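> sequence and predicted model, in that order:
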Amino acid sequence: MATAVGLEVTPVELGHYLAFPVRRDPLAVAGGAFDWSGLEPDEILDELRALGDGSVEPVTFVAHPRDGILGYFDQYGFSPYGGTEGEPLLEAGTSALVNPLLNTKNFTMDFDALELLNGKRYEMIRTPTAEEIAAYAADEGAIDGYDVMVRSMDEQQALIDGVYTLGDGIHGQVDDWFTLLNLGYRFTALGNSDTHGKTSIEAGCPRNWVASPTDDPAYIRVEDIADAIRRGEVITSSGPFVRFSANGDTNIGGTVTGAGEVTFNIEVSSPTWFDVSRVELYRNGTLIQEWAIETPNADIVNLSTTFADTPDLDAWYVVIAMGESDLYPLFTPTDYPPVQLQDVVFEALSTVPAVGGLLSTLPPMPRSGPTYPYALTNPIWVDLDGDGFDAPGLPSWLVAPETPE
């Protein structure tokens, strides 16, 4: 085992920020961590980078960006339904009226990575369709967390045809990331167990598989891991392992240069005690292929296949693998929905006339259930003309949903 020192900065209302490797000063208060009170996000990130240990610039990333009051994107009103290259769409909320730190001018994208998988918070992974939200509101037994995580080809076609829209009021962090990739950002997708105790969220659920130049832990250098994360050579997963390459020699995080057909190799594997039932392939945020895998899995290799695609503009490709099986007993299920700070504040202040109108509760969605197998790769990029990757922009089917009455 090799370890590195990191730091999480946890303001109450600006989102949470992390960095590694950083230096720890055993003679300083809190090991040398800085006082974040009153700092803007840019200033927090600068302070994190200033704590570098000299081996490499710290990797900086934003944690659980859709965690309501604790979520960076929620607090600054980031919308995945608009924006142009390098210019995300921000829809300022009323919170900025009472907290100048939340003014959209303080929003920054000057970090390296995004934590998309967080502990057992499966409800934050994907944006449900409006139909799924309505079905759950009518009958909580109609859908579960797995149903929300799945984006089937039928659903994708319904979105393209305008029959479906994504749901209002819930933003999946993977869908946010897809929008940012389409706007030209290259944030590395990460996962984090966010473990703060011994019994509720076990360490390593989920974890990151990072490309390393060595197989021997004794020779792992933290700077190599940091650089690999910055390059996007990462799979984040609560169980399944994914090998993903293009044209035989371009791996996750790499770029294929040149027009024409691209052949992707996909291999998904898992141990025998849980099953992978589904694999999805995305191009520029649109599902282009799905594979249903028979369960129980016959082997540790759940899927080994190739897929050819010919993009007509610069493109990025991502693989998602998942399963309906329960990861118990290694990871316990979420028996009771986690208490949402956003809902607590809403209940406490909704009757206060001056404040109640500024608040909203979260739409009901499945927040309890098994700990599912789920894996997400970072992109393989395709640069058609070799002049650098050109942001493809948002797909035409991605429209802002209407707020239901």
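Thanks, I have it.
> please make it C-alpha for all contacts and neighbour counts, starting now.
Will do.
> could you say which helix or strand holds the residue most central in space within the chain?
The chain has Leu116 as the residue nearest its centroid, 1.9 Å off, counting by C-alpha atoms, centre = their mean. Leu116 belongs to strand 113-118 when assigned by DSSP states H and E.
> phi and psi next, for the nearest residue to Gly323 once chain neighbours are set aside.
Nearest non-adjacent residue to Gly323, counting by C-alpha to C-alpha, 6 or more residues apart in numbering: Val276, 4.2 Å away. Val276 has phi and psi values of phi -100, psi 130 when expressed as degrees, to the nearest 10.
> am I right that Gly369 is in contact with Thr332?
No: counting by C-alpha atoms under 8 Å, Gly369 sits too far from Thr332 to count as a contact (9.6 Å).
> overlap of the contact sets of those two?
Here Gly369 and Thr332 have no joint contacts, going by C-alpha atoms under 8 Å, 6 or more residues apart in numbering.
> three-state assignment of Leu18?
Here Leu18 is recorded as strand under DSSP: H, G, I helix; E, B strand; the rest coil.
> what's the helix or strand where Gly191 lies packed up against?
In this structure, Gly191 sits in strand 188-192 according to DSSP H and E. Applying 3 or more C-alpha pairs under 8 Å, 6 or more residues apart in numbering; DSSP states H and E, one finds that strand 188-192 contacts strand 113-118, strand 207-210, strand 234-237.
> dump those strands into CSV; add mean pLDDT and distance to Arg151 as well.
Compiled in CSV, the helices and strands packed on strand 188-192 are given as follows (pLDDT from 0 to 100; distance: least, C-alpha to C-alpha, whole Å):
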stretch, mean pLDDT, distance to Arg151
strand 113-118, 98, 17
strand 207-210, 96, 23
strand 234-237, 98, 18
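> show me where the stretch 101-250 of the chain has its helices.
With helices called from DSSP state H, counting those that start in this stretch, the stretch 101-250 of the chain shows them at 130-138, 145-149, 153-161, 173-182, 222-230.
> and the contacts of the first one?
Read that as helix 130-138. Residues contacting helix 130-138 (C-alpha under 8 Å, 6+ apart): 142-143, 148, 164-168, 363-366, 401.
> give the buried residues for it.
130, 132-134, 136 (16 or more other C-alpha atoms under 10 Å).
> the residue lying closest to Val268 once chain neighbours are set aside: what's it in contact with?
In space, and not counting its chain neighbours, Val268 is closest to Val242: 4.6 Å by C-alpha to C-alpha, 6+ apart. Contact partners of Val242, counting by C-alpha under 8 Å, 6+ apart, are 235, 266-269, 321, 375, 377.
> cool, Leu181 as well?
187, 284, 391 are the contacts of Leu181 under C-alpha under 8 Å, 6+ apart.
> surely the second one is in contact with Ala391?
Spelled out, it's Asn284. No: between Asn284 and Ala391 there is no contact under C-alpha under 8 Å: 9.4 Å.
> anything in contact with each of those two?
Common neighbours of Asn284 and Ala391, using C-alpha under 8 Å, 6+ apart, are 181-182, 315.
> now the helices and strands packed on strand 188-192 in CSV, with distance to Gln157?
Formatted as CSV, those follow (distance: least, C-alpha to C-alpha, whole Å):
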stretch, distance to Gln157
strand 113-118, 25
strand 207-210, 31
strand 234-237, 27
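> Asp385 and Gly52, how far apart?
Applying C-alpha to C-alpha, to the nearest Å, the value for Asp385 to Gly52 is 37 Å.
> okay, the two: which has more neighbours?
Gly52 (20 against 13; other C-alpha atoms under 10 Å).
> helices of the stretch 251-400 of the chain, start to end?
341-349, 353-356.
> first to last residue in stretch 262-278, what's the distance?
Termini of stretch 262-278 sit 22 Å apart (C-alpha to C-alpha).
> again with stretch 308-327
Termini of stretch 308-327 sit 33 Å apart (C-alpha to C-alpha).
> pull the distance from that stretch to the chain's centre.
14 Å (C-alpha atoms, centre = their mean, to the nearest Å).
> give me the buried positions along that stretch.
In stretch 308-327, counting by 16+ other C-alpha under 10 Å, buried: 311, 313-327.
> repeat that for stretch 155-171.
155-157, 159-160, 164-171.
> ranking by neighbours, what's the top pick from the contacts of Val242?
Highest count within those by other C-alpha under 10 Å belongs to Ile235, 29 neighbours.
> once you drop chain neighbours, what's closest to that one?
Thr377 (4.5 Å).
> and what of Asp314?
Going by C-alpha to C-alpha, 6+ apart, Asp314 has Asp383 as its nearest residue, at 5.1 Å.
> what strands line up against the strand holding Leu116, and which way round?
Using DSSP bridges, the strands paired with strand 113-118 are strand 59-63 (parallel), strand 188-192 (parallel).
> give me the contacts around the first one.
Outside strand 59-63, the residues within contact range by C-alpha under 8 Å, 6+ apart are 15-21, 45, 48-49, 71-72, 111-116, 118, 226, 229-230.
> okay, it in PDB with CA atoms only?
Extracted C-alpha coordinates of strand 59-63, given in PDB (Å, rounded to 0.1, in the frame of the first residue of the first chain):
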ATOM      1  CA  VAL A  59      -4.600  17.800  -8.400                       C
ATOM      2  CA  THR A  60      -7.600  19.800  -7.400                       C
ATOM      3  CA  PHE A  61     -11.200  18.600  -7.600                       C
ATOM      4  CA  VAL A  62     -14.700  19.500  -6.600                       C
ATOM      5  CA  ALA A  63     -16.700  17.000  -4.500                       C
END
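> cool, thanks, talk later.
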